[in-house]
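*Asks:* Compute the structure for the input listed below.
(2 chains)
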Amino acid sequence: NAGVMQNPRHLVRRRGQEARLRCSPMKGHSHVYWYRQLPEEGLKFMVYLQKENIIDESGMPKERFSAEFPKEGPSILRIQQVVRGDSAAYFCASSPGTGGLANYGYTFGSGTRLTVV
Amino acid sequence: AQSVTQLDSQVPVFEEAPVELRCNYSSSVSVYLFWYVQYPNQGLQLLLKYLSGSTLVKGINGFEAEFNKSQTSFHLRKPSVHISDTAEYFCAVSDRSSNYQLIWGAGTKLIIKP
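*Replies:* Alright, predicted model coming up:
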């Protein structure tokens, strides 16, 4: 069982470029969550997706950020026209069902460290 | 809104000494409480969780935590640390009204001195 796979581990982008972060959930998991960790801060919830559906995007910045979890393939977090303030670690987690944290908790990936130069 | 405070950004401790990592959360009617650990260059791993019942929770790798409702705390302890415990530790809280959102502390780096 490969666990939650995130790639790339490190990503460097120039201001104005696009960043695409990928997350493959654990086998059998159909729920994906993205969190962002800014330097010296705790993780902040961004978005919760199920296959082909965005369930809760209340933590996503209103502009430039989008997320998808297609029927086939990994979940993608996309950041358009990156700025220096987007530099952070982005973590993906997955869970198997609707029981939530009480039943399943999260399984996290190793994260993608985005640096905007 | 719920918030989580980890009072120490770094805790240095000698090998085989006991350690306590502190976590306080803002008041809420009822919460779920978690400790996660992040080893260097790895993802976050669940150490232990409190959902209900006994206030003393035992986790992996010899760690335990105690839920104290009156002090709104959930401190993590280990009686004797090992060099392999070097990692960053995160406390997280979920309000029971949400079954998937976690509110996180900023983390505490545990530094083991030989």
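
*Asks:* Which positions within stretch A:63-72 qualify as buried?
*Replies:* In terms of neighbour count (16 or more other C-beta atoms under 10 Å in any protein chain shown), stretch A:63-72 has its buried residues at A:Phe65, A:Ala67, A:Glu68, A:Phe69. Placement of C-beta: from N, CA and C, glycine included.

*Asks:* What residues does chain A have near chain B?
*Replies:* A:3-4, A:6, A:31, A:33, A:35, A:40-45, A:48, A:56, A:91, A:93, A:95, A:98-102, A:105-106, A:108-111 (C-beta under 8 Å from any C-beta of the partner chain).

*Asks:* Show me what residue 65 is bridged to.
*Replies:* By default, I'm working from chain A. Assessed by DSSP bridges, A:Phe65 has beta-bridge partners A:Ile79.

*Asks:* my question was about chain B
*Replies:* Beta bridges link B:Ala65 to B:Val57, B:Leu76, judged by DSSP bridges.

*Asks:* For PyMOL, what selects the buried ones among the residues of chain A next to chain B?
*Replies:* The following PyMOL line selects those of those that are buried, judged by 16+ other C-beta under 10 Å:
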select buried, chain A and resi 4+6+31+33+35+42+43+45+48+91+93+95+100+101+105+106+108+109+110+111
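
*Asks:* Show only the entries of the residues of chain A next to chain B found in strands.
*Replies:* Mapping the residues of chain A next to chain B onto strands (DSSP state E) picks out A:6, A:31, A:33, A:35, A:43-45, A:48, A:56, A:91, A:93, A:95, A:108.

*Asks:* okay if I get the residues you listed as JSON lines plus pLDDT and distance to A:Ala19?
*Replies:* As requested, those are exported to JSON lines (pLDDT from 0 to 100; distance: C-beta to C-beta, whole Å):
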{"residue": "A:Gln6", "pLDDT": "96", "distance to A:Ala19": "13"}
{"residue": "A:His31", "pLDDT": "90", "distance to A:Ala19": "23"}
{"residue": "A:Tyr33", "pLDDT": "93", "distance to A:Ala19": "18"}
{"residue": "A:Tyr35", "pLDDT": "94", "distance to A:Ala19": "16"}
{"residue": "A:Leu43", "pLDDT": "89", "distance to A:Ala19": "18"}
{"residue": "A:Lys44", "pLDDT": "91", "distance to A:Ala19": "17"}
{"residue": "A:Phe45", "pLDDT": "91", "distance to A:Ala19": "19"}
{"residue": "A:Tyr48", "pLDDT": "93", "distance to A:Ala19": "20"}
{"residue": "A:Asp56", "pLDDT": "92", "distance to A:Ala19": "22"}
{"residue": "A:Phe91", "pLDDT": "95", "distance to A:Ala19": "15"}
{"residue": "A:Ala93", "pLDDT": "91", "distance to A:Ala19": "19"}
{"residue": "A:Ser95", "pLDDT": "86", "distance to A:Ala19": "25"}
{"residue": "A:Phe108", "pLDDT": "88", "distance to A:Ala19": "20"}
